[in-house]
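one predicted model, sequence on top.
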Amino acid sequence: MSNNVKKFFIFIFVLSSFAAKAQQQQSDDLLSLVDKEKPKKEYVKYAFKSSRVINGQSMEFISPGTMDFRILHRFGQLDQGYKNFFGLDQASMRMGFDFGLYRNLMIGVGRSTYKKELDGYFKYAPIMQATNGGAPLTVALVGGITMNTSPWADPTIQNYFTSRLAYYYQVILGRKFSEGFSLQLSPTMVHTNLVQLSSQPNDVFALGVGGRLKLTSRMAITWDYYHLFNGREKGVNYDPLGIGIDIETGGHVFQLHFSNSTGMNERAFITETTSTWSKAEIRFGFNLSRIFQIKHNKSRG
Amino acid sequence: MKRLFVFLSITILAVQIQAQDKYFTKTGKISFDATTSKSPENIDGVNKTAICVLDTKTGNLQFSVLMKGFEFERALMQEHFNENYVESNKFPKSEFKGTITNNASVNYAKDGTYPVKVKGSITIHGVTKEIVTDGKIIVKAGKINAVADFSVALADYNIAVPSLVADKLAKTASIKVDCVLEPLK
């Protein structure tokens, strides 16, 4: 046997023993043999428990194929004392139905007792926050219309149907920073066809700041504030601010809160919040949300 | 002489590479049911993207399941499962690593159904527990079907069941495994 051949034989022997060793290691972690894929891009979900922060829209969408039945109540001012049971004797409500069409599109309708107002809106997100190289934030667009159906204030004059209408447009820039903390900014414009006073502008511009801080997996603190850039008259209307708690129980989400606004659609709470926190004109309110599955989940087979 | 060695060495290497004893799938089906007998709605989920690898030579068996891959009848149930119960963002995967203890009694070369005992450790919600269960290996036309049925107590894995849903959500979940494995190339 020549020296070279010997060397080669040893080389092969060493090599094959390495190979055997490698196989031994592999058998300890078989999964690594197949699970080599990089983590996939995944849309960030559940930034808020509900599709509303408190009054305003949140960056969250309800799942496609579901309907959200929402009952909203706003009571009278707490400072009315025992005579009106701290405002609970007076209630204003809105009943609404929201529908999830796609993961990034939902529509809804509702009716409020305040001004007997009907409202409808759509919410669409061209960009959604995602993990692993996805977008860092969600950009959602909201467009809505409200219609005052109460009798004309003065039936003796010529009244126009368009006078009943108002529109609102909103961009929501939101991010779920961590499991427990979400924050969003929402520049908003409300256009009212017919305003009550000549001093009031038809177009009101506002910036909303909404957030959520999770306390436990089923409870969170929320806040919802809108700053008005115009159309705010001292002693007439104020910036709406709501602070609340989201509580999740099985199939319901309860949003209990204190706020200075009565309105439950964008036109009403942004342009017609007539109470102020500074005078302790606060009212209790709650949103009750019940999700119904309408469409069968096909991917389950 | 030199040529013979080269030939022999190459043959040895080739045999080592060719030996086919690992089987796998990325579309294994794992389902669970945690419905109480009185519950008006079914609390169950199906995952059809379970990863499973079996080494027929050693009997080593491993599973990996993405918790977000469980599909539910109701979207809200899926949200609660991920957000409140298994906390999928914190603990994205559940894993099982174990062995078929009676691997020698399974003839992977011959079609048939073989009862097996599986022993190993299962990790759910960040908690690892030892587990022993009965299962079946069904060999058919070069594919291996691994089937098992077992149950886990939710409390063992720190999954809390609030009293409000205790009449619907059972304290133990029965888990069904059904994976068709193909040769790993």
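Sure, I can see it.

so after the helix or strand bottoming out on mean pLDDT in chain B, what's the next helix or strand?
When the helices and strands of chain B are scored by mean pLDDT, DSSP states H and E, helix B:2-18 comes last with a mean of 60. Later in the chain than helix B:2-18, the nearest helix or strand by DSSP states H and E is strand B:22-35.

close to chain A, is that following strand?
Yes: using Cβ under 8 Å from any Cβ of the partner chain as the criterion, contacts between strand B:22-35 and chain A involve B:22, B:24, B:26. Every C-beta, even on glycine, is put in place using the N, C-alpha and C of the backbone.

got the angle for the helix or strand where residue B:53 lies vs strand B:22-35?
Element membership for residue B:53, per DSSP H and E: strand B:44-55. Between strand B:44-55 and strand B:22-35, the angle comes out at 160 degrees (axes from the mean of the first three to the mean of the last three Cα atoms, to 10 degrees).

strand B:44-55 pairs with which strands?
Strand pairing for strand B:44-55, determined by DSSP bridges: strand B:22-35 (antiparallel), strand B:60-66 (antiparallel), strand B:71-72 (antiparallel).

got the buried residues for the longest one?
Looking back up the chat, that one is strand B:22-35. Within strand B:22-35, the residues that count as buried by 16 or more other Cβ atoms under 10 Å in any protein chain shown are B:22-26, B:28-35.

out of the residues you listed, the closest to residue B:105 would be?
residue B:23 (17.3 Å; Cβ to Cβ).

and stretch B:159-167, which residues are buried?
B:159, B:165.

could you report the neighbour count for residue B:156?
Residue B:156 has 15 neighbours, counted by other Cβ atoms under 10 Å in any protein chain shown.

for it, give me the pLDDT.
Looking at residue B:156, its pLDDT is 95.

the one 5 residues further on too?
The predicted structure scores residue B:161 at 88 on the pLDDT scale.

wait, it sits on residue B:171?
Yes: here residue B:161 reaches residue B:171: they are 6.5 Å apart, a contact under Cβ atoms under 8 Å.

so what's in contact with the two at the same time?
Listed as contacting both residue B:161 and residue B:171 by Cβ atoms under 8 Å, 6 or more residues apart in numbering or on different chains are B:154, B:155.

averaged pLDDT, stretch A:119-133. What do you get?
Across stretch A:119-133, the per-residue pLDDT values average to 95.

near chain B, which residues of the stretch 101-250 of chain A show up?
So the stretch 101-250 of chain A meets chain B at A:179, A:217, A:218, A:248, A:249, A:250 (Cβ under 8 Å from any Cβ).

the first one and residue B:95, how far apart?
Shown here: residue A:179 relative to residue B:95, a distance of 22 Å by Cβ to Cβ, to the nearest Å.

between those two, which one's more packed in?
Applying other Cβ under 10 Å to residue A:179 and residue B:95 shows that residue B:95 carries more neighbours, namely 16 against 13.

could you check how far that one is from residue B:127?
12 Å.

same question for residue B:67.
13 Å.

who has more neighbours, those two?
Ranked by neighbour count (other Cβ under 10 Å), residue B:67 and residue B:127 place residue B:67 first, with 21 against 12.

that one touches residue B:89, doesn't it?
No: checked against Cβ under 8 Å, the pair residue B:67 and residue B:89 is beyond contact range at 9.4 Å.

between these two, what contacts are shared?
What both residue B:67 and residue B:89 touch, as defined by Cβ under 8 Å, 6+ apart, is the set residue B:82.

residues in contact with the residue of the stretch 1-150 of chain A found nearest chain B?
Residue of the stretch 1-150 of chain A nearest chain B, by Cβ to the nearest Cβ: residue A:63 (3.3 Å). Listed by Cβ under 8 Å, 6+ apart, the contact partners of residue A:63 are A:100, A:103, A:291, B:75, B:76, B:78, B:79.

and the residue lying closest to the second one once chain neighbours are set aside, which of the three is it?
Excluding its sequence neighbours, the residue lying closest to residue A:103 (Cβ to Cβ, 6 or more residues apart in numbering or on different chains) is residue A:64, at 5.9 Å. When classified by DSSP: H, G, I helix; E, B strand; the rest coil, residue A:64 comes out as coil.

for residue A:64, grab the count of nearby residues.
As a burial measure, residue A:64 scores 17 neighbours (other Cβ under 10 Å).

again, but for residue A:215
Number of residues near residue A:215 (other Cβ under 10 Å) recorded here: 12.

swap in the one 4 residues further on?
As a burial measure, the neighbour count of residue A:219 was computed by other Cβ under 10 Å and equals 13.

over to the one 5 residues further on?
Here the number of neighbours of residue A:224 (other Cβ under 10 Å) works out to 28.

quick check: bridge partners of it?
Under the criterion used here (DSSP bridges), residue A:224 is bridged to residue A:210, residue A:242.

also residue B:114?
Going by DSSP bridges, residue B:114 forms beta bridges with residue B:137.

all helices of the stretch 1-150 of chain A, in order?
A:3-28, A:31-34 (DSSP state H, counting those that start in this stretch).

for the stretch 201-301 of chain A, same thing?
Secondary structure of the stretch 201-301 of chain A (DSSP H, counting those that start in this stretch): helices at A:266-271.

pLDDT weak spots in it?
A:298-299, A:301 (pLDDT under 70).

with chain B instead?
Residue ranges of chain B with pLDDT under 70: B:1, B:4-19.
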